[in-house]
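Asks: Just need the structure, nothing else, for what follows:
(one chain, ligands or ions: 1)
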Amino acid sequence: MTYRVGYFVGSLSSQSINRTLSRALIRLAPPDLEFHEIPIGDLPLYSPDFDADYPAEARALKDAIAASDAVLFVSPEYNRSIPGALKNAIDWASRPWGQNSFHHMPAAVIGASIGQIGTAVGQQSLRAVLSFCNARQMTAPEAYVHFKPGLFTDDGEVTDDSTAAFLSDFMGEFRTHVERVLTVIPRP
Ligand code: FNR
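Replies: Next up is the predicted model:
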């Protein structure tokens with residue numbers, strides 16, 4: 001069985017360490033996880049005025065989530081919360097009312113920061129949002145990556161063995177979580 005994982009990178013930065021982290025996670029993931037990025041950078045700001053007729057970017061967002069068996073959020077922490085661009089994407093995906101794309105969706109969160117606590121506070125914020133959206137979140141392991149120069153190569157190779165083992169375990173646990181959720185709640 002192959003599981004299709006749509007992943008969100010919460011940063012719009014061309015130098016994003018979280019994008020590099022996403023490359024590392026893909027490299028270290030079990031082989032039966034297939035990944036596609038769900039882009040968030042071109043979405044307009046959400047307004048309920050769009051509910052009757054979503055723009056193409058937002059329809060593409062919802063289609064990409066619908067084509068996923070699970071979602072993975074790889075995001076920085078901004079001001080002890082989540083980046084506005086990511087919150088905007090989640091708001092789009094959660095609407096129109098009654099068409100919440102995250103309903104029963106297996107999900108996991110992870111993030112990297114140059115700060116010591118490695119997005120821990122931002123992830124709690126993201127978890128609260130995803131709870132309201134009724135996503136089936138992996139609760140453990142948690143993964144707070146303290147980024148230091150040289151920890152990853154640009155294409156996502158992890159240079160430190162213990163970090164590689166930790167991230168590999170995280171992705172293995174995510175795969176198990178996805179399988180468990182989908183066994184109980186198959187995707188439509
Ligand atoms: C940050 N940064 C940051 N770091 C952190 O650990 N906690 C925080 O609350 C914040 N807040 C914050 C706000 C804003 C607006 C910016 C631009 C940055 C620093 C952040 O961790 C760092 O810039 C990372 O490199 C961001 O991740 P990406 O964009 O490189 O993936």
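Asks: tell me which parts of the chain are close to the ligand?
Replies: For the chain, the residues in contact with the ligand (Cβ under 6 Å from any ligand atom) are 11, 13, 16-18, 76-80, 113-115. C-betas here are computed from N, CA, C, even on glycine.
Asks: Show me where the protein has its helices.
Replies: With DSSP state H as the definition, the chain shows helices at residue ranges 17-28, 56-66, 84-94, 120-132, 161-184.
Asks: and those helices as CSV, adding distance to L72?
Replies: Shown next, in CSV, are the helices of the chain (distance: least, Cβ to Cβ, whole Å):
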stretch, distance to L72
helix 17-28, 7
helix 56-66, 12
helix 84-94, 13
helix 120-132, 11
helix 161-184, 7
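Asks: out of the residues of the chain next to the ligand, which are buried?
Replies: Buried by 16 or more other Cβ atoms under 10 Å: 11, 16-18, 76-78, 113, out of the residues of the chain next to the ligand.
Asks: Out of the residues you listed, flag the one nearest to M171.
Replies: Set against M171, the nearest of those by Cβ to Cβ is N18 (15.4 Å).
Asks: pLDDT score assigned to the closest one?
Replies: pLDDT, N18: 97.
Asks: could you measure it against D161, distance?
Replies: 22 Å (Cβ to Cβ, to the nearest Å).
Asks: and A164, how many residues sit next to it?
Replies: A164: 17 surrounding residues under other Cβ atoms under 10 Å.
Asks: I figured it hits L28, correct?
Replies: Yes - between A164 and L28 there is a contact under Cβ atoms under 8 Å: 6.5 Å.
Asks: Find residues that contact each of these two.
Replies: The contact sets of A164 and L28 overlap at V158 (Cβ atoms under 8 Å, 6 or more residues apart in numbering).
Asks: show me what contacts S81?
Replies: Taking Cβ under 8 Å, 6+ apart, we find S81 in contact with 121-122, 125.
Asks: before we move on, what about P141?
Replies: Shown in contact with P141 (Cβ under 8 Å, 6+ apart): 169-170, 173.
Asks: from the residues you listed, which is closest to the ligand?
Replies: When those are ranked by distance to the ligand (Cβ to the nearest ligand atom), F170 comes first, at 17.4 Å.
Asks: who wins for most neighbours among the contacts of S81?
Replies: Counting neighbours by other Cβ under 10 Å, G122 leads the contacts of S81 with 26 neighbours.
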